[in-house]
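K.L.:
Quick one, fold the following:
(one chain, ligands or ions: 1)
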Amino acid sequence: MMTQTYQFKTPSVIVNGPGAAREAGSFAKGLGKKALIVTDHALEKIGLLNDVKNSLEIAGIPMAIYDKVISEPSMDYTEEGLKVYRETQADFLVAVGGGSPIDAAKGIAALATNPGKISDFAGANKIPNPGAPLIAIPTTAGTGSEVTQFTIITDTSRDVKMLIASPNIMPRVALVDPLMTMRMPQGITAATGLDALTHAIEAFVSVKAQPITDTLALQAIWVIAGNVRQAWSNGDNIEARTNMMIGALQAGMAFSNSSVALVHGMARPIGAYFHVPHGVSNAALLPTVIEFSIPGNPERYAEIAEAMGEITEGLSVLDAAYLAADAVERLNIDLKVPTLRELGVEEKKFNSVVEQMAADALASGSPGNNPRKATKEEIVELYRRAYSKE
Ligand SMILES: [Fe+2]
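P.N.:
Just a heads-up that it's a prediction; the model follows:
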């Protein structure tokens, strides 16, 4: 009999449900004396930080704010954020936002306690010391960054999205509050929802999948597929928003431990070269990459189709598996997810960088977790197929 052990890491506390963000103060007291809130000023403008700030105030925790994380984070954000962290003498971080502020805060957390530049930490387990304590409070139901040991920071000098993976940047506390997502516009609800679905699907088919991640991933696929249309159609639907938050959380816990695979490996270069939002890059690739990957593990894709509500009874495993690609395709259409062309990805530039994108995708390591391995030539072909979709 083959024996194998599995590791599963997660923040020490996850609070979820409406009002969870108001618990920031009570956890902050155990983490430090002064908070640096890392966020995007647009969120502050619409009042999304009020609950968190009030809660810190009631707990008697002074705070400073770094609110310049307005897009997916580059090295500039982590350096600037670190400067503010030092200048304001903060000793822990509270990230409020989508994946971007949380990812930026993880970079700042690493730099606060480790000598070097953020690019020194690219790859797996390159951060020697535990990062500064971090409370993560997501405002989208998507990235799962609040519960992952990953951050993605763009090295702007090379147009590369660096994947940094280390338990030393895992948030200590995740406050997962659907009330923070009620005002998310439709486009972001769709893109982040598709990102969460991609996490769940990739965690489930990853060669690093394990029993605990399987349970979370499959449940996440079911919850997300069953609620994302409702959350998108009617943003005030608190039940759908709450379910989406739980689905994204489960998907995050799953892929943090079993890794993402080919879709994410290929999506990052699209983001780096064309500044396409992460969730939209995933959505554009997902049906094509599922079709390619099915031969590697048809049983798993058949289970995905079923979890997405497809009727698989009476079908062969293979026929059922292909319904997973159809289900995702239909979701893209229903949620009006723009195609790469509609987002202004220009054909000439696409053709000139597609080889390099394939090389960057492979170099990230994520495609190595895919149930069917892809060569560089196959990745180029998959990019072209996803791009040709109208
Ligand atoms: Fe993602």
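
K.L.:
okay, and the helix or strand of the chain with the least pLDDT?
P.N.:
strand 160-165 (a mean of 90; mean pLDDT, DSSP states H and E).

K.L.:
Direction included, what does it pair against?
P.N.:
Strand pairing for strand 160-165, determined by DSSP bridges: strand 123-124 (parallel), strand 150-155 (antiparallel).

K.L.:
Pull out the buried positions in the longest helix along the chain.
P.N.:
As assigned by DSSP state H, the longest helix anywhere in the chain is helix 211-233. Neighbour-count burial for helix 211-233 flags 212-214, 216-228, 231-232 (criterion: 16 or more other CB atoms under 10 Å). Just so you know, the C-beta spots here come from the backbone N, C-alpha and C atoms, and that holds for glycine as well.

K.L.:
Quick one: mean pLDDT over that helix.
P.N.:
The predicted model assigns helix 211-233 a mean pLDDT of 98.

K.L.:
That helix packs against which elements?
P.N.:
helix 186-205, helix 238-258, helix 298-307, helix 317-334 (3 or more CB pairs under 8 Å, 6 or more residues apart in numbering; DSSP states H and E).

K.L.:
Among these, which comes closest to E355?
P.N.:
Of all the helices and strands packed on helix 211-233, it is helix 186-205 that lies closest to E355, at 23.7 Å by CB to CB.

K.L.:
Check the offset of that closest one from the chain's centre.
P.N.:
8 Å (CA atoms, centre = their mean, to the nearest Å).

K.L.:
got the angle for that helix vs helix 317-334?
P.N.:
On the basis of axes from the mean of the first three to the mean of the last three CA atoms, to 10 degrees, helix 186-205 is oriented at 160 degrees to helix 317-334.

K.L.:
so what's the closest residue to I290 other than its chain neighbours up against?
P.N.:
If the residues on either side of it in the chain are set aside, I290 comes closest to A325, at 4.3 Å by CB to CB, 6 or more residues apart in numbering. By CB atoms under 8 Å, 6 or more residues apart in numbering, the residues touching A325 are P287, T288, I290, E291, I294.

K.L.:
follow-up on the earlier one: okay, the strands paired with strand 160-165, which one's buried deepest?
P.N.:
Greatest average neighbour count among those goes to strand 150-155 (a mean of 23), per mean count of other CB atoms under 10 Å.

K.L.:
can I assume L36 sits in a strand?
P.N.:
Yes - assessed by DSSP: H, G, I helix; E, B strand; the rest coil, L36 belongs to a strand.

K.L.:
Compute the number of surrounding residues for it.
P.N.:
29 (other CB atoms under 10 Å).

K.L.:
Where does the nearest residue in space to it that is not next to it in sequence sit: helix, strand or coil?
P.N.:
The spatially closest residue to L36, leaving aside those adjacent along the chain, is A90, at 3.6 Å (CB to CB, 6+ apart). Look at A90: counting by three-state DSSP, its state is coil.

K.L.:
Check A90 and give its pLDDT.
P.N.:
Taking A90 on its own, its pLDDT is 98.

K.L.:
Check the one 3 residues further on too.
P.N.:
You'll see L93 listed with a pLDDT of 98.

K.L.:
isn't there a helix covering it?
P.N.:
No - under three-state DSSP, L93 sits outside any helix and is assigned strand.

K.L.:
Give the full set of residues in contact with it.
P.N.:
So L93 contacts A35, L36, I37, V38, Y85, A105, I108, A109, A132, P133, L134, I135 (CB under 8 Å, 6+ apart).

K.L.:
deepest of the helices and strands packed on helix 211-233, which one?
P.N.:
Stretch with highest mean neighbour count among the helices and strands packed on helix 211-233: helix 186-205 (a mean of 27; mean count of other CB under 10 Å).

K.L.:
Now that one - C-alpha only, CSV.
P.N.:
The C-alpha atoms that make up helix 186-205 are tabulated as CSV, following Å, rounded to 0.1, in the frame of the first residue of the first chain:
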residue,chain,number,x,y,z
GLN,A,186,-21.8,43.5,-11.7
GLY,A,187,-18.6,43.3,-13.7
ILE,A,188,-16.5,42.7,-10.6
THR,A,189,-19.0,40.2,-9.2
ALA,A,190,-18.7,38.2,-12.4
ALA,A,191,-14.9,38.4,-12.7
THR,A,192,-14.1,37.6,-9.0
GLY,A,193,-16.8,34.9,-9.0
LEU,A,194,-15.2,33.3,-12.0
ASP,A,195,-11.8,33.6,-10.3
ALA,A,196,-13.2,31.7,-7.3
LEU,A,197,-14.7,29.1,-9.5
THR,A,198,-11.4,28.6,-11.2
HIS,A,199,-9.7,28.2,-7.8
ALA,A,200,-12.1,25.5,-6.9
ILE,A,201,-11.9,23.6,-10.2
GLU,A,202,-8.1,23.8,-10.3
ALA,A,203,-7.8,22.8,-6.6
PHE,A,204,-10.0,19.8,-7.4
VAL,A,205,-8.1,18.6,-10.5
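
K.L.:
What helices and strands are in contact with it?
P.N.:
helix 211-233, helix 238-258, helix 262-274, helix 278-293, helix 298-307, helix 317-334.

K.L.:
in which helix or strand would I find the residue nearest the centre of the chain?
P.N.:
For the chain, the residue nearest the mean C-alpha position is T143 (2.5 Å; CA atoms, centre = their mean). Under the criterion DSSP states H and E, no helix or strand holds T143.

K.L.:
thinking K208 is in contact with F255, fair?
P.N.:
No - using CB atoms under 8 Å as the test, K208 is too far from F255 to be in contact (9.6 Å).

K.L.:
Model confidence for M1, exactly?
P.N.:
61.

K.L.:
OK, contacts around the residue nearest to the residue nearest to the centre of the chain when sequence neighbours are not counted?
P.N.:
Among residues not flanking T143 along the chain, G99 sits closest, at 3.1 Å (CB to CB, 6+ apart). With contact set as CB under 8 Å, 6+ apart, G99 has these partners: E72, P138, T140, G142, T143, S145, I152, T192, D195, H278.

K.L.:
Please repeat the previous calculation with a cut-off of 10 Å.
P.N.:
G99 is in contact with 72-73, 138-140, 142-146, 148, 150-152, 192, 195, 252, 277-279, counting by CB atoms under 10 Å, 6 or more residues apart in numbering.
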